[in-house]
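K.L.:
How does the following fold in three dimensions:
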Amino acid sequence: MEKSAVFVKSAKGQDAIKTNSREISMNDRHILIMVDGKRNVETLLKDAAIFRDVEATLERLFEAGYIDPIGGAVSRASAAAPRAAAAPGGALNRETKALIEQELVEFLGPIASLLCEETLATAKSLDEALSALGSQMDPQQAVQFKKKVAERLARS
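P.N.:
The predicted structure follows:
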């Protein structure tokens, strides 16, 4: 998301605040409240730093139509461009780890959380993480698992 972009609450966003809508989480609601048409994304990231995943939340609010850019500075298509799977330094970011764990649960059930905790903490790349986790299932499942993760990363 462009750091210089400035957003305002859309009619849907204003209604969500006014009616105390349960459609969005409390974290998202707090960040939505901070969107005021004056602060750019960079300022919001700093001002809302006490909340979780501020940039991802802004993108989610934008995609869901709760906020709109001033002057059309951002298109929904550009905001939906895939984000990097790795954080600076090569470690997997939180969103990617959560996505991997969600998919692994579909293949292995509740044990997936334990496997992810151990594997994703030490993986140096997405490929390394997927290979290590894929080794815990039969080869056909591993291929399907990797394919599903890749598809979800492309959509996120």
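K.L.:
What strand or helix carries Val8?
P.N.:
strand 7-9 (DSSP states H and E).
K.L.:
Okay, now the sheet partners of that strand, with direction.
P.N.:
strand 67-69 (antiparallel) (DSSP bridges).
K.L.:
quick one: average confidence on the strand it pairs with?
P.N.:
When pLDDT is averaged along strand 67-69, the result is 90.
K.L.:
so where is this structure shaky, pLDDT-wise?
P.N.:
71-91, 156 (pLDDT under 70).
K.L.:
So which bits of the lengthiest helix in it are buried?
P.N.:
In the chain, taking DSSP state H as the definition, the longest helix is helix 139-155. Buried residues in helix 139-155, counted by 16 or more other Cβ atoms under 10 Å: 142, 144-146, 148-149, 153. Using the backbone N, CA and C atoms, a C-beta is placed for each residue, glycine as well.
K.L.:
Among those, which one lies nearest to Ile67?
P.N.:
Leu153 (24.0 Å; Cβ to Cβ).
K.L.:
Ala112 touches Leu104, doesn't it?
P.N.:
Yes. Contact criterion Cβ atoms under 8 Å: Ala112 and Leu104 qualify, at 3.8 Å.
K.L.:
Of these two, which one has the most company?
P.N.:
The residue with more neighbours, out of Ala112 and Leu104, is Leu104; 25 against 19, by other Cβ atoms under 10 Å.
K.L.:
Correct me if wrong: Phe145 contacts Glu103.
P.N.:
Yes. Using Cβ under 8 Å, Phe145 is in contact with Glu103, at 6.2 Å.
K.L.:
mind checking how far Asn27 is from Val54?
P.N.:
9 Å (Cβ to Cβ, to the nearest Å).
K.L.:
Which residue of those two possesses the greater neighbour count?
P.N.:
Each of Asn27 and Val54 has its neighbours counted (other Cβ under 10 Å); Val54 has more, 20 against 14.
K.L.:
Ignoring the adjacent residues along the chain, who's closest to the more buried one?
P.N.:
Ala48 (4.7 Å; Cβ to Cβ, 6 or more residues apart in numbering).
K.L.:
List the single closest residue to His99 in space, sequence neighbours excluded.
P.N.:
That one is not His; residue 99 is Leu. Arg152 is the one closest to Leu99 (Cβ to Cβ, 6+ apart), at 5.4 Å.
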